[in-house]
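J.: here is my input; please provide its structure:
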Amino acid sequence: QVQLVESGGGLVQAGGSLRLSCAASGRTFSTYNMGWFRQAPGKAREFVAAISWSGVRKAYADSVKDRFTISRDTAKPTSYLQMNSLKPEDTAVYYCAADLSRSDWALTGRDEYNYWGQGTQVTVSS
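T.: Residues are numbered from 1 along each chain as shown. Purely as a prediction, here's the structure:
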């Protein structure tokens with residue numbers, strides 16, 4: 001069983017930064033593909049960023065490219081989402097997700113992930 005716990009959300013002014021963390025349980029974290037998604041009120045959950053288990057492959061939604069950076073620390077084991085130049089439209093609940101397929105891909109589809117965290121709220125004020 002894999003458990004994912006997000007942290008680091010909060011309230012920030014537009015233009016500010018936050019770093020989200022996703023702590024993962026499980027002895028084989030080094031082989032998990034990891035992803036971040038977000039869901040704003042009244043909207044579907046959408047892809048934000050993903051990183052393959054090797055860290056070689058990364059993918060970003062167009063709306064966050066050049067502002068957000070995904071990374072991972074296998075030793076901890078934790079995945080991070082560094083968010084800079086935040087905008088009010090980034091306001092959402094952010095979820096991390098894990099895929100245990102060992103495929104070493106940066107997966108962008110919700111259905112490709114096996115496990116999800118409970119989410120952390122990010123609110124960006126204008």
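J.: tell me the centre residue of the chain?
T.: The residue lying closest to the centre of the chain (C-alpha atoms, centre = their mean) is Trp36, at 2.3 Å.
J.: for that residue, pull up the helix or strand it's in.
T.: Here Trp36 sits within strand 33-39, counting by DSSP states H and E.
J.: what lines up beside the helix or strand following that strand in the sheet?
T.: The first helix or strand that comes after strand 33-39 along the chain, using DSSP H and E, is strand 46-51. Applying DSSP bridges, strand 46-51 is found paired with strand 33-39 (antiparallel), strand 58-60 (antiparallel).
J.: test my guess that Met91 contacts Lys43.
T.: Wrong residue type there; residue 91 is Thr, not Met. No - in this structure, Thr91 is not within contact of Lys43 by C-beta atoms under 8 Å, at 10.7 Å. Yep, even glycine has a C-beta here, placed from its N, CA and C like the rest.
J.: and these two? Which one has more around it.
T.: Higher neighbour count among Thr91 and Lys43: Thr91, with 18 against 9, using other C-beta atoms under 10 Å.
J.: and that one, what does it touch?
T.: Thr91 is in contact with 40, 122-124, counting by C-beta atoms under 8 Å, 6 or more residues apart in numbering.
J.: just list whatever residues bridge to the residue nearest to Gly8 when sequence neighbours are not counted.
T.: With sequence-adjacent residues excluded and distances taken as C-beta to C-beta, 6 or more residues apart in numbering, Gly8 is closest to Leu20, at 4.2 Å. Taking DSSP bridges as the rule, Leu20 bridges to Leu81.
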